[in-house]
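Asks: predicted structure and sequence below. I'll ask about it afterward.
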Amino acid sequence: MVMMGIFFNPPPGQGAEAVKLPPPSHKGAVSVAEALKARRTVRQFASRPLALAQVGQILWAADGLSDPRGLRTAASAGATYPLELYLVVGERGVTNLDPGVYRYLVAEHALAPTVRGDQRAPVARASLHQSWMAQAPVLVIIAADYRRCTARYGDRGVMYTHMESGHVGQNVFLMAEALGLGAGIVGAFEDRGLSQVLQLPQGQVPLLVMPVGYKH
């Protein structure tokens, strides 16, 4: 059952009741080689909702915990983990989950609501009016707080953060394919406009938008 609560933009992980995601599966029916061969960038999506378990599996694969020491599925320079994941959920985009923007809480494997309502169309407008994006039931947003990495590595930490976003993006692609879904990827957007739609905290900037859903 979805935990209902007030949607607003609190400090990360605080002040909003989180939606616990089903535990991720660590075994699949599709091999890595099969997923790599089948992976394509998808720009047309069926109007079919995702299950909460599918959403949780994709977010875990993207950058979730894979080790009790706190290590994650995506490599990170010095384990500084400068990335944040957000999920934009459309109306009837995910079964038993309200439309809105959610922050992925890695340690809890949960979603913290931050913005109320279906924000897919505003995201598409901020992404240079790429209306096809709004067809997908969900959008995975990869955002960065460079300070976490640059505090250790100086200016080179910016490059390391960009490398990490590539790791996370590929994880999304491969897990979507393994689940019988498809994913697209968008890097063309107005940084400030997209940040405003998502109500990103100060210091975080969007890097990639990845629409995910059933292929049309």
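Replies: Cool, got the structure. This one's a predicted model, so the numbers in the text were calculated from it and none came from an experiment.

Asks: count of neighbours near G203?
Replies: The tally of other residues near G203 (other C-beta atoms under 10 Å) stands at 11. In short, each C-beta sits where N, CA and C put it, glycine included.

Asks: now do the contacts for it.
Replies: If you count contacts by C-beta atoms under 8 Å, 6 or more residues apart in numbering, G203 has them with D145, R147.

Asks: how close does it get to D145?
Replies: Relative to D145, G203 is positioned 5 Å away (C-beta to C-beta, to the nearest Å).

Asks: same check, this time on R40
Replies: Distance of R40 to D145, given as C-beta to C-beta: 31 Å.

Asks: could you list every helix and strand in contact with the biggest strand by length in the chain?
Replies: Counting by DSSP state E, the longest strand found in the chain is strand 205-213. Helices and strands touching strand 205-213, by 3 or more C-beta pairs under 8 Å, 6 or more residues apart in numbering; DSSP states H and E, are strand 138-144, helix 156-178, strand 182-183, helix 191-198.

Asks: okay if I get these as a markdown table plus distance to P22 and mean pLDDT?
Replies: Putting the helices and strands packed on strand 205-213 into a markdown table (distance: least, C-beta to C-beta, whole Å; pLDDT from 0 to 100) gives the following:
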| stretch | distance to P22 | mean pLDDT |
| --- | --- | --- |
| strand 138-144 | 16 | 98 |
| helix 156-178 | 14 | 98 |
| strand 182-183 | 20 | 98 |
| helix 191-198 | 25 | 98 |
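
Asks: residues contacting the residue lying closest to K215 once chain neighbours are set aside?
Replies: Using C-beta to C-beta, 6 or more residues apart in numbering and skipping the chain neighbours, the partner closest in space to K215 is G182 (4.1 Å). For G182, the contact set (C-beta under 8 Å, 6+ apart) comprises R40, V42, F45, A176, V212, G213, Y214, K215.

Asks: can you list the helices and strands packed on strand 205-213 in TSV and add distance to V88?
Replies: Putting these into TSV (distance: least, C-beta to C-beta, whole Å) gives the following:
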stretch	distance to V88
strand 138-144	4
helix 156-178	14
strand 182-183	14
helix 191-198	8
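
Asks: nearest to V106 among these would be which one?
Replies: Taking C-beta to C-beta as the criterion, V106 comes closest to helix 156-178 out of the helices and strands packed on strand 205-213, the separation being 11.5 Å.
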